[in-house]
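Sequence first, then the predicted structure:
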Amino acid sequence: MTTTAELLKGAAELFPDEVVTQAHVRHLDLPQGAGRFALITLDNGFDHSKPTTFGPASLANLNTAVDQVEKEAANGEIVAVGLTGKPFIFAVGADLKGVELLKKHEEALAIGKGGHDVFKRLSGLAVPTFAYYNGAAMGGGVEVGLHCTYRTVSKAVPAFGLPEVFLGLVPGWGGCALLPNLIGPESAVKVIIENSLNQNRQLKGPQVFELGIADALFEGADFLEESLKWTASVLKGDIEVERADIDRGEAWDNAVAQGKAFADSKVHGAAPAAYRALDIIAAAKNGDLRAGFDAEDKALADLIMGGELRSGIYSFNLVQKRAKRPAGAPDKNLARPVSKVGIVGAGLMASQLALLFARRLEVPVVLTDIDQERVDKGVGYVHEEIDKLHLKGRVNQDGANRLKALVTGSLDKATAFADADFVIEAVFEEMGIKQKVFAEVEAVVPEHAILATNTSSLSITEMASQLKNPERVVGFHFFNPVAILPLLEIIRAEKTDDASLATAFAVARKLRKTSVLVKDAPAFVVNRILTRFMGSVLGAIDEGTPVEVADRALAPLGLPMSPVVLLDLVGPAVAHHVAGTLNAAFPERFGVSENLGRVVEAGKRNLYRYDSGAPELDAEVAELFQVGDTVLTEEQVRDRALDAIAEEIFLMLDEGVVAEPQDIDLCLITGAGWPFHLGGITPYLDRAGVSERVRGRKFHAPGVASVPA
């Protein structure tokens, strides 16, 4: 029979680049004369900003440490064992770099079994075990603590969770089986399913305690010291840990059903991870942990060999790594300092920008518009939002006062922008208006000032063509809502110079945005793809396909919203305008829906009504539609839309709109909320055979967002 040590030694060959975590054992005498204690500290030897992960070699090191304390416990040399991490980081789970290299189901099964075999030993020791969550804990970092008898958590823990479902996995080292038996199925479903599918929402230290995952909560400054005092009190019997009884009846089944309904609302059955996790939670109702762990091993191996997990890791790497090093960005040393920002316009978008610039750059921001009422309304909006931040505890009173003082308004551009280093326009989407605004601004700003435009589809080159210094004009396209969506498309026009571009990227970094360098091309990246996508669906409707059929067609992808719901969010007028821009540039691929034009002309702001609680086509909109007699199936609409998306992406890459497919995917994930399990979109198009159907080749080489050959 293969031992745990042998299993991990064999698996280690599959993780050649693992950053190995050490497990140091030290001994100390507990307070209050409670006895001799063994403390295992996880530490990968790097600086505190580098996470501690678990690969085969790391698990082997923890296994060796458990060998030592197991003997000491059996011999009566210690009264308990504790487990903690290096300062600020407990552990963040499996080594994803190695996971994506696995080629065979049995290799993946070995990783799951190896983790279980090591972690289970903590619960099998002859003495109580304590996990001290002193810092960030995710995935396997959370699960190793669940195998301990008791847990404490620091109030300062910034991130705690089980993100596996978000990536396309299940919590596979005990999370699905142990957590519902600890805190109940309803809370476990929230942590494992709902938090993961809500953009990987994390818990803070106090929430970990409130949920009952941890038995005690202490301040961060003296966390370990207080945890050891608490441990001593528990061992001496002065503190008795009480946990609520778990309802193993109908409430358990209801929690699983609610989890399934939530998963359906988010991924529409398109990604299997949430459903596999719910199956294990459902089976954990009888408390059979051995069966639960076996089910976790099987699910983990199946999912590791599936495309959704590979796409999830690919997506994770995009937002964690590529986003921090934008392809094609100029030397950051060319960037000029920005000590004041001007904004032309004071509408909703401009006001959101003003709040963001003030909060992140902490420099004066001045709004201008055509009349005082608009200016006052814009400044008032910013001040109200700052007050809301104060009420939520996001800023203190002094901070709120400082932010308010930074945001002002003016009708006089000459005075307002005379010392501005960065001016961005957010006015009506019409070329003549924007050219006029830029001419006015250029006449009053310093020679070094950057002129930025938030246009969503118009040519930056044409916008700058009438200026004396077009080299300082750059596209700076935000996505609405500004505070939530991370993407910032930075567009280089034909004459934009490196210094202006470098300054734009430097500002983006300070705004904490994910920036992607984009060539000046119609509608740039996200709007171009979404318009082609929605155009296919609208075209099917115009031809005669019922709205509800066309709108359901893309549900199997698990997109955040259906095409018509997205159209309503964008607004028919905006969508129609962008479609017109792209139709003028590429009439052979981008149509303009006459039906949508009628909706806009009638002043309708939405196609759907929600009077019944579910989306239904507005009767007035239905009366405006004039359709043909060609009725497509959902599959036909879906194939047409996916083919259109693939064709457009290939053409954008041919044109050099972005450097690589990875930039397209990063834009869709961070600017349109497209899910990790699709990898943005190009890995899915490869996996579904769409890429080869359209162009005869895939976007990616074997092993990229897929199982290595």
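Looks like it arrived, so ask away.

can you name the farthest residue from the center of the chain?
Asn75 (48.5 Å; C-alpha atoms, centre = their mean).

Who's the closest spatial neighbour of Lys229, skipping the chain neighbours?
Pro31 (5.1 Å; C-beta to C-beta, 6 or more residues apart in numbering). C-beta here means a position set from N, CA and C on the backbone, and glycine is covered the same way.

Phi, psi for the one you found please.
As for Pro31, its main-chain torsions (degrees, to the nearest 10) stand at phi -60, psi 170.

Kindly report the same for Leu487.
Dihedral angles (degrees, to the nearest 10) for Leu487: phi -70, psi 140.

Likewise for the one 4 residues further on?
Main-chain torsions, Ile491, degrees, to the nearest 10: phi -110, psi 130.

ok, and what's touching stretch 328-336?
421, 448, 450, 498-499, 501-503, 505-506, 515, 517, 659 (C-beta atoms under 8 Å, 6 or more residues apart in numbering).

can you do 7 Å?
Asp421, His448, Asp498, Ala499, Leu501, Ala502, Thr503, Phe505, Ala506, Leu517, Ala659 (C-beta atoms under 7 Å, 6 or more residues apart in numbering).

What about the residues you listed, which are in strands?
For those, membership in strands holds for Leu517, with DSSP state E as the criterion.

Kindly supply the ChimeraX command isolating those of the contacts of stretch 328-336 that are buried.
Those of the contacts of stretch 328-336 that count as buried under 16 or more other C-beta atoms under 10 Å are selected in ChimeraX with:
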select :421,499,501,502,503,505,506,517,659
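
out of the contacts of stretch 328-336, which are inside helices?
Asp498, Ala499, Leu501, Ala502, Thr503, Phe505, Ala506 (DSSP state H).

The third one and Val473 touch, don't they?
No. Taking contacts as C-beta atoms under 7 Å, Leu501 lies outside contact range of Val473: 10.4 Å.

joint contacts of these two?
In contact with both Leu501 and Val473: no residue, using C-beta under 7 Å, 6+ apart.

hang on, the earlier thing: show the model's pLDDT score for the residue nearest to Lys229.
Note on Pro31: pLDDT of 94.

likewise Leu179?
So, for Leu179, pLDDT stands at 97.

how many neighbours does Ile484 have?
For Ile484, the count of nearby residues is 9 (other C-beta atoms under 10 Å).

Neighbours of Ala622, how many?
Neighbours of Ala622 (other C-beta under 10 Å): 12.

That one: what secondary structure?
helix (DSSP: H, G, I helix; E, B strand; the rest coil).

same check, this time on the one 5 residues further on
Using three-state DSSP as the criterion, the local structure at Val627 reads coil.

Setting aside sequence neighbours, what's the nearest residue to Asp568?
Asn606 (4.6 Å).

What strand or helix carries the one you found?
Using DSSP states H and E, Asn606 maps to neither a helix nor a strand.

ok, it - how many residues close by?
Asn606 has 17 neighbouring residues, counting by other C-beta under 10 Å.

That one against Leu567, yeah?
No. Between Asn606 and Leu567 there is no contact under C-beta under 7 Å: 8.7 Å.

Would you mind finding the longest helix in this structure?
Per DSSP H, the chain has its longest helix at helix 634-655.

Pro128 - nearest residue in space that isn't next to it in sequence?
Nearest non-adjacent residue to Pro128 (C-beta to C-beta, 6+ apart): Thr149, at 4.4 Å.
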